[in-house]
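Asker: sequence first, predicted model second:
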Amino acid sequence: MGDTDVEMEIISSDIQHPSTSTNTVLSTAKKTHNLPWIEKYRPQSFEDIVGNEDTIQRLSIFSKKGNVPNIIVAGPPGVGKTTTILCLARILLGPSFKDAVLELNASNDRGIDVVRNKVKMFAQQKVTLPPGRHKIIILDEVDSMTDGAQQALRRTMEIYSNTTRFALACNYSEKVIEPIQSRCAVLRYSKLTDAQVLARIIQICQKEQVNYTEDGLESIVFTAQGDMRQALNNLQSTHNGFEIVNSENVFKVCDEPHPMLIKNMLKSCLSGDIRSAYKVIEHLWNLGYAAEDIIKNIFKVIKTMDIEESIKLAFIKEIGITHLRIADGLCSLMQMSGLLARMCSQAKSQQID
Ligand SMILES: Nc1ncnc2c1ncn2[C@@H]1O[C@H](COP(=O)(O)OP(=O)(O)OP(=O)(O)O)[C@@H](O)[C@H]1O
Ligand SMILES: [Mg+2]
């Protein structure tokens, strides 16, 4: 959801409440109460965006000087791509933001006709802006645009380059056609580090007066895997559903196998104890977890375990092979048991060497 949507929601909720002072206070409280934290805490300026410092610093210099090139921000979900582009547009255009920005995302129709009509019309429109500033067309989730629509953008981008800039965001830059990439500066975002996610959620816990334990926040960071949106959503869901954000509650809400169980299972494999390892996997299976969830979790846990490098690599190889089979559709308990057996024998053969 874009910021404009939020604004519209806020405006419409204001209309419903007559503007007596108590009602205004109530409506303000209600408004923020109802907002999901991902929107409530969407950074409004570059300083609040965590991670990817170099890129953000470069953009912030651009934003001061104006004359920004066309850009593509590419990277995994929930790391601040849309947020960055909105901040950039807000800083560059200030009060003209409403008139001088056209935002289209995957929820809009963005076929070839829209590019031909809507985008072109907007690019042709006259808006008075300070010198060095341009209108901005934001194409979010551009990797979901058809090739035809992307092709139609090529010439538009060039023809209107003295009045309009394009800011594109996508998860996979390879899905953006080469000619568009060559017209833009490509900025790559990486996943956020655990420390960056943790620092941000601690801040938000303090603002929202969340009752939390240290292991609770660690679990949030673990489940998010560098995705800030997921971290905030998991934090809010756990906070709403339980009195306290601790590790147990987080895994209940996220419905993921508890990493402690997986860790114990991997430890059993390390000591070649297939029986104990199998008990864990059978338990998880009976709880109804899908093979895909379990295998993803095993990978997440092994990455963080402090074990000998060569064994770790051998285990990861086996986990990868099993994941491939699961992705192919073979998701039976037998596959998972096979994985355990192979890991046990890998651990044993390495010990003998
Ligand atoms: N780097 C960040 N710093 C602070 N908050 C962030 C950051 N990244 C994401 N968030 C939080 O997550 C929410 C979603 O971020 P955003 O919409 O920018 O993700 P995105 O990178 O565009 O993801 P997608 O690829 O799914 O569109 C933001 O509203 C904000 O609350
Ligand atoms: Mg986005």
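Answerer: Everything's here; your move. As the structure is a prediction and not an experimental result, all values here were calculated from the model. Ligands and ions are numbered 1, 2, ... in the order given.

Asker: can you give me the end-to-end span of stretch 297-315?
Answerer: Taking Cα to Cα, to the nearest Å, stretch 297-315 runs 13 Å from one end to the other.

Asker: list the buried residues for stretch 114-131?
Answerer: For stretch 114-131, burial by neighbour count (16 or more other Cβ atoms under 10 Å) applies to 114-115, 118-120, 122-123, 129. In short, each C-beta sits where N, CA and C put it, glycine included.

Asker: would you turn these into TSV with pLDDT?
Answerer: Converted to TSV, those look like this (pLDDT from 0 to 100):
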residue	pLDDT
Val114	80
Val115	78
Lys118	85
Val119	86
Lys120	86
Phe122	88
Ala123	87
Leu129	83
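
Asker: which of those fall within helices?
Answerer: Among those, the members falling in helices (DSSP state H) are 114, 120, 122-123.

Asker: in a markdown table: the residues you listed, plus distance to Ala290.
Answerer: Formatted as a markdown table, these follow (distance: Cβ to Cβ, whole Å):
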| residue | distance to Ala290 |
| --- | --- |
| Val114 | 38 |
| Lys120 | 46 |
| Phe122 | 44 |
| Ala123 | 47 |
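
Asker: which of those lies closest to Glu103?
Answerer: Relative to Glu103, the closest of those is Phe122; by Cβ to Cβ it sits at 10.4 Å.

Asker: how about the secondary structure of the spatially closest residue to that closest one that is not a sequence neighbour?
Answerer: Nearest non-adjacent residue to Phe122, counting by Cβ to Cβ, 6 or more residues apart in numbering: Leu102, 4.4 Å away. At Leu102, secondary structure determined by DSSP: H, G, I helix; E, B strand; the rest coil is strand.

Asker: correct me if wrong: Leu102 contacts Val127.
Answerer: No. In this structure Leu102 lies outside contact range of Val127 using Cβ atoms under 8 Å: 10.7 Å.

Asker: anything in contact with each of the two?
Answerer: By Cβ atoms under 8 Å, 6 or more residues apart in numbering, Leu102 and Val127 have these common neighbours: Lys135.

Asker: that older thread, now do the contacts for the residue nearest to Phe122.
Answerer: Counted by Cβ under 8 Å, 6+ apart, Leu102 has contacts 118-119, 122, 135-138.

Asker: what's the pLDDT at it?
Answerer: If you check Leu102, the pLDDT there is 90.

Asker: rewinding a little: which one of the ones in helices among the buried residues of stretch 114-131 sits closest to Thr83?
Answerer: Once Cβ to Cβ is applied, the member of these that ends up nearest Thr83 is Phe122, at 22.2 Å.

Asker: distance of the closest one from ligand 1?
Answerer: For Phe122, the distance to ligand 1 equals 22 Å [Cβ to the nearest ligand atom, to the nearest Å].

Asker: same question for Val50.
Answerer: Taken as Cβ to the nearest ligand atom, the span from Val50 to ligand 1 is 4 Å.

Asker: could you do Gly320 as well?
Answerer: Relative to ligand 1, and taking Cβ to the nearest ligand atom, Gly320 is found at 25 Å.

Asker: quick one: name the residues of the stretch 201-350 of the chain near ligand 1.
Answerer: 228-229, 232 (Cβ under 6 Å from any ligand atom).

Asker: host element of the closest residue to Gly111 other than its chain neighbours?
Answerer: Computed as Cβ to Cβ, 6+ apart, the closest residue to Gly111 that is not its neighbour in sequence is Ala149, at 5.7 Å. According to DSSP states H and E, Ala149 maps onto helix 147-159.

Asker: report all helices and strands that the helix or strand Leu88 falls within contacts.
Answerer: Element membership for Leu88, per DSSP H and E: helix 81-93. Packed against helix 81-93 by the contact rule (3 or more Cβ pairs under 8 Å, 6 or more residues apart in numbering; DSSP states H and E) you find helix 53-65, strand 71-74, helix 97-100, strand 135-139, strand 164-170.

Asker: residues in contact with the third one?
Answerer: What that stands for is helix 97-100. With contact meaning Cβ under 8 Å, 6+ apart, helix 97-100 is reached by 4, 89-90, 93, 127, 129, 133-136.
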